[in-house]
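In: here are the coordinates; sequence isn't available:
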DNA sequence: AGTAAATATTTTATACTTGAAATGAATTTT
DNA sequence: AAAATTCATTTCAAGTATAAAATATTTACT
C-alpha cells in the first residue's frame, strides 16, 4: 500500500480531516477570544493576558511564583514579567520575597486586585454564557469531555505537563 | 425561582459549564499552536503568522488584497501589513497594484513563495496528523462537525461574517 | 569549603497584535 | 464640480509573545 493508495482511501488517510478539525477549532477559539478581548477593553479598559494572570492568582490563596504563573498560563517567563509589572503599577498585585529562596518572587493579589477581579470574573462568565447560549446543551455535554480527552492525548503526544 | 435556586440546579445554570468548556478549548488550542510554532521555528526558521498568510495566498490563484487577507485571517489590517512586509523582504510574496483602484494592493505568492509553501504545508499537515494520532477517530468525526456548528452559532451571536 | 550544575527571574532582541490616527484614493452628496 | 463621506492601506503607540542571554541564588559534588 503506497502513498497514493493511502490518500485515495478516505478512512485510512485522516490528515485532511485532522487539518480541518484544527482549522475549525482555531476559528472558534479566535472568535471567542476576540469577543472577550473586545469586551474587556470596552467595558473595563483591560486585556485578556491581564485577566489570565489575575484569574490564576485569584485561585491561589498564597500567591504564585513567577515560574508557577508562566507554567499555569503556558507562556514564557519574560512575558509574565511584563504583565505583572503593569499589574503592579496599577496596584492590583504585589511582588514579595519567598522565604529561604532569594531567587524567587511571590506574586499576590492586593485587596484592590481581589475586588477588581471579582467584578471581572462575573462579567467574563456572563459574556461566555451569552456567547455559548445558542449552542445546544446536549452538544456541550459531549464536547466538553471530548476536549478534555483530546487534551490528555495531546499531553501524551507532546510529553509535557498538563 | 431566585438566583440561589438557579445556581444550585446543575441543569438550569450552565455558566460554569460554559466556562469549563471554554478553558478546555483554549488549553487544546494553545497546546497545538505551541507545538506547531515550535516546529515551524526549529525546522523552517519561520512562524505561524507567516504560514497563515502564505496558506491564504496559496488558495487564491489571483492573489488577495490586503483587506481580504486580514478578513480571512481575522487579524487587523496593520498586522497584515507587517507580516507581508517581511514576506516581501524574504522574496516569498509581491505587492502589485489593482486595476481601477489605486487605493488597493494585490498580494501574490512568488514562484519561490509557492515552492516554499508547498514544503511547509506538507510538513504542517504531518505535524497535525501526528499530534492528533492518538485521538479516537470516532471522536474526531463527532468533534469536527460539532465545532463547525459551534462556530455557526457564534457567528449568529456575534453578528459578524463567517 | 570550593567548584560545578541547576534554578528563578529579568533583560534583550525581534516579531506579532491591536486599535486608532493618518494618508491617499474613490464614491456620494449637494 | 466641490465638498463630504467612505474605503484601502499604512503608520503609530502600546501591549503581548518568544527565545536566548544575563544575573543572582541555591543545590550538588568532590
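Out: Perfect, I can see it now. None of these values were measured; they are calculated from a predicted model. Numbers count the residues shown, from 1 in each chain, chains lettered A, B, ... in the order given.

In: Next, see if the top helix by length along chain A gets close to DNA strand D.
Out: Longest helix of chain A, by residue count under DSSP state H: helix A:15-44. No. Using C-beta under 7 Å from any atom of the strand, helix A:15-44 stays clear of DNA strand D, coming no nearer than 9.2 Å. Using the backbone N, CA and C atoms, a C-beta is placed for each residue, glycine as well.

In: Could I get the contacting residues of the residue nearest the centre of chain A?
Out: Nearest residue to the geometric centre of chain A (C-alpha atoms, centre = their mean): residue A:73, 6.1 Å. Residue A:73 sits next to A:52, A:53, A:56, A:80 when contact means C-beta atoms under 8 Å, 6 or more residues apart in numbering or on different chains.

In: mind listing what's buried in the longest helix of chain A?
Out: A:15, A:17-22, A:24-29, A:31-32, A:35-36, A:39-40 (16 or more other C-beta atoms under 10 Å in any protein chain shown).

In: That helix vs helix B:15-44, what angle?
Out: Orientation note: helix A:15-44 sits at an angle of 120 degrees relative to helix B:15-44 (axes from the mean of the first three to the mean of the last three C-alpha atoms, to 10 degrees).

In: For helix A:15-44, enumerate the helices and strands it packs against.
Out: With contacts defined as 3 or more C-beta pairs under 8 Å, 6 or more residues apart in numbering or on different chains; DSSP states H and E, helix A:15-44 has these neighbours: helix A:48-58, helix A:111-131, helix B:15-44, helix B:111-131, helix B:137-158.

In: Surely residue A:75 forms part of a helix?
Out: No. Under DSSP: H, G, I helix; E, B strand; the rest coil, residue A:75 sits outside any helix and is assigned coil.

In: Quick one: neighbours of it, just the number.
Out: 17 (other C-beta atoms under 10 Å in any protein chain shown).

In: Please apply the same query to residue A:147.
Out: The burial count assigned to residue A:147 is 24, neighbours taken as other C-beta under 10 Å.

In: can you tell me how far the residue lying closest to residue A:137 once chain neighbours are set aside sits from residue A:128?
Out: Leaving aside its chain neighbours, residue A:137 sits nearest to residue B:14 (6.6 Å; criterion: C-beta to C-beta, 6 or more residues apart in numbering or on different chains). Counting by C-beta to C-beta, to the nearest Å, the separation of residue B:14 from residue A:128 is 10 Å.

In: quick one: which of these two has more around it?
Out: When neighbours are counted by other C-beta under 10 Å, residue A:128 comes out ahead of the other of residue B:14 and residue A:128, with 23 against 18.

In: excluding its backbone neighbours, what's nearest the more buried one?
Out: Distance criterion C-beta to C-beta, 6+ apart; nearest residue to residue A:128, sequence neighbours excluded, is residue B:18 at 4.9 Å.

In: what's the helix or strand hosting residue A:94 in contact with?
Out: Using DSSP states H and E, residue A:94 falls within strand A:93-98. With contacts defined as C-beta under 8 Å, 6+ apart, strand A:93-98 is touched by A:53-54, A:57, A:63, A:65, A:84, A:87-88, A:104-110, A:113.

In: Report whether that strand contacts DNA strand D.
Out: No. Strand A:93-98 lies out of reach of DNA strand D by C-beta under 7 Å from any atom of the strand, never closer than 8.5 Å.
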